[in-house]
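>>> Sequence isn't available, so here's the structure alone:
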């Protein structure tokens, strides 16, 4: 016992001594960045225009599993200057176009790929929506259905009797969180239908309860215990409630003082939840909910708003910041009470500037969206996977490009998808 205690004391003393030696401060983790490229061909769609003619290639990966496989949305501006996009999966450098349900486009929400490689999202059918809705958001007016992609095949998930729906996340058990329309007309937004949050299990849709009498909502994230998070609201009111669903019951999560912009996006198996909340209805910041309490994670200096979108079992949080005009600005990682610009942690030589960090797995890998800095693809928006590497003396940090441009139609698609009831 005495020897063991002495050994421990000496080891601790040596560690503490090393912390005070110049140049021996604990090394900060750095990341090797992989450019996941962009889907540049969609069957049945004319090739994309060159950037010089107003075209634009882009990709953004939201989903990430423990193997480092990602799910995203990728596409380009077509000959009519409309965004055309597909849900894709990237597995060890192999890009898979998940296809559609008969329409042209497919999409994802905050992420939806589990450990088995099953993926979820939303996809157009060839049928025009009878109520004139555009749930998929591509301006086509086609019916938009939630999908499950597995074993190389996309299949539609059932709704609650309505025409449209969207699947957001899938856990290791195969439970799926999202939203589905009913056959009931929303009295405040006729002829649109009521669209509550939904949990799919074994191919069946189960309506989840809402809070505050809200008719509508969506579940964005789900953990392996079947606990889901998201928001509920009405079709016209700016009031948005962040919600946790456990064992079929809905609990409203606390906010920062305002009833707008309160959305829970992801939950880990420890019950920690990330998203965003507002204190004054003008902007919003990234937040963490734990044990029924809300913690403000803040905003990177110089930016106007922030949101958290991913959290792993270690409690590391990733997300993004926006400038005063709600343009995507910088990706961040938050841990131990500190928010850090992810770009400052990239190895020197990276040709990407990260504007969104979307998910983080337990190995610390991060999926997101970035601007290509230089070369033949300069200015394009590419998905990336950042992998932590052994901290060394290697220089790191990516300088901010002079201009960060995301095509307006794609930017609005992202903002409308992820920030409900807010007008941009």
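Looks like it arrived, so ask away. Worth saying up front: this structure is predicted, and the values here are computed from it rather than measured. Numbers count the residues shown, from 1 in each chain.
>>> okay, now residue 117: neighbour count?
Here the number of neighbours of residue 117 (other C-beta atoms under 10 Å) works out to 17. Just so you know, the C-beta spots here come from the backbone N, C-alpha and C atoms, and that holds for glycine as well.
>>> need the contact list for it.
Residue 117 makes contacts with 65, 69, 89, 91, 150, as judged by C-beta atoms under 8 Å, 6 or more residues apart in numbering.
>>> is it possible to export those residues to TSV including distance to residue 233?
Below are these laid out as TSV (distance: C-beta to C-beta, whole Å):
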residue	distance to residue 233
65	30
69	32
89	31
91	36
150	31
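>>> Now, of the residues you listed, which are buried?
65, 69, 89 (16 or more other C-beta atoms under 10 Å).
>>> Just these: which are in helices?
With DSSP state H as the criterion, helices contain none of the buried ones among the contacts of residue 117.
>>> For residue 269, which non-adjacent residue is closest in space?
What sits nearest to residue 269 in space, not counting adjacent residues and going by C-beta to C-beta, 6 or more residues apart in numbering, is residue 223, at 5.0 Å.
>>> Thought residue 268 was touching the one you found, still the case?
Yes. The criterion here is C-beta atoms under 8 Å, and residue 223 meets it with residue 268 at 6.0 Å.
>>> The spatially most central residue of the chain and residue 87, how far apart?
What sits nearest the mean C-alpha location of the chain, by C-alpha atoms, centre = their mean, is residue 110, with 3.3 Å. Separation of residue 110 from residue 87 (C-beta to C-beta, to the nearest Å): 13 Å.
>>> ditto for residue 257
For residue 257 relative to residue 87 (C-beta to C-beta), the value is 37 Å.
>>> ok, now residue 142?
For residue 142 relative to residue 87 (C-beta to C-beta), the value is 15 Å.
>>> Checking residue 122 next. Helix, strand or coil?
strand (DSSP: H, G, I helix; E, B strand; the rest coil).
>>> what's the burial count for the closest residue to it other than its chain neighbours?
Excluding the flanking residues, the one nearest residue 122 by C-beta to C-beta, 6+ apart is residue 166, at 4.0 Å. Applying other C-beta under 10 Å, we find 29 residues neighbouring residue 166.
>>> Residue 166 pairs with what?
For residue 166, the beta-bridge partners are residue 179 (DSSP bridges).
>>> Residue 142 and residue 87: who's more crowded?
The neighbour count for residue 142 versus residue 87, taken as other C-beta under 10 Å, is higher for residue 87 (30 against 25).
>>> Reformat the contacts of residue 117 as a markdown table; add pLDDT and distance to residue 211.
A markdown table is the format used below for the contacts of residue 117 (pLDDT from 0 to 100; distance: C-beta to C-beta, whole Å):
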| residue | pLDDT | distance to residue 211 |
| --- | --- | --- |
| 65 | 97 | 30 |
| 69 | 98 | 34 |
| 89 | 97 | 34 |
| 91 | 95 | 38 |
| 150 | 96 | 32 |
